[in-house]
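Visitor: Only the shape, not the letters, is given here:
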């Protein structure tokens, strides 16, 4: 199963949950901004990441967005 590139961004007000989620994301990809990661994932890894994230997040306060990246990534700066 081929891997796809995903941009993953979060907004979490609680320090403990934010650090836990960042550590989870570090195991899947590379931090490119303070609250943004780029991860190459196949369907199985994506499912695993979502499962692990749900165990940490408080969905009444936290936001996690997972965007599939289409085409070539262009980096300026």
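Guide: Nice, thanks for sending it over. Computed from a predicted structure; not experimentally measured. Residues are numbered from 1 along each chain as shown.

Visitor: hey, let's count contacts and neighbours off CA atoms from now on
Guide: Fine.

Visitor: what's the longest helix seen in the chain packed up against?
Guide: Longest helix in the chain, counting residues (DSSP state H): helix 43-56. Contacting helix 43-56 under the criterion 3 or more Cα pairs under 8 Å, 6 or more residues apart in numbering; DSSP states H and E are the following elements: helix 15-26.

Visitor: how about residue 68, what does it touch?
Guide: 4-7 (Cα atoms under 8 Å, 6 or more residues apart in numbering).

Visitor: Between which two of the residues you listed is the distance greatest?
Guide: 4 and 7 (10.1 Å; Cα to Cα).

Visitor: Could you check the angle the lengthiest strand in the chain makes with helix 43-56?
Guide: The longest strand of the chain (DSSP state E) is strand 4-11. Angle, strand 4-11 to helix 43-56, by axes from the mean of the first three to the mean of the last three Cα atoms, to 10 degrees: 10 degrees.

Visitor: Show me which residues of strand 4-11 are buried.
Guide: By 16 or more other Cα atoms under 10 Å, the buried positions in strand 4-11 come out as 5-10.

Visitor: Which single one of these is nearest to residue 33?
Guide: Nearest to residue 33 out of the buried residues of strand 4-11 is residue 9 (Cα to Cα; 9.0 Å).
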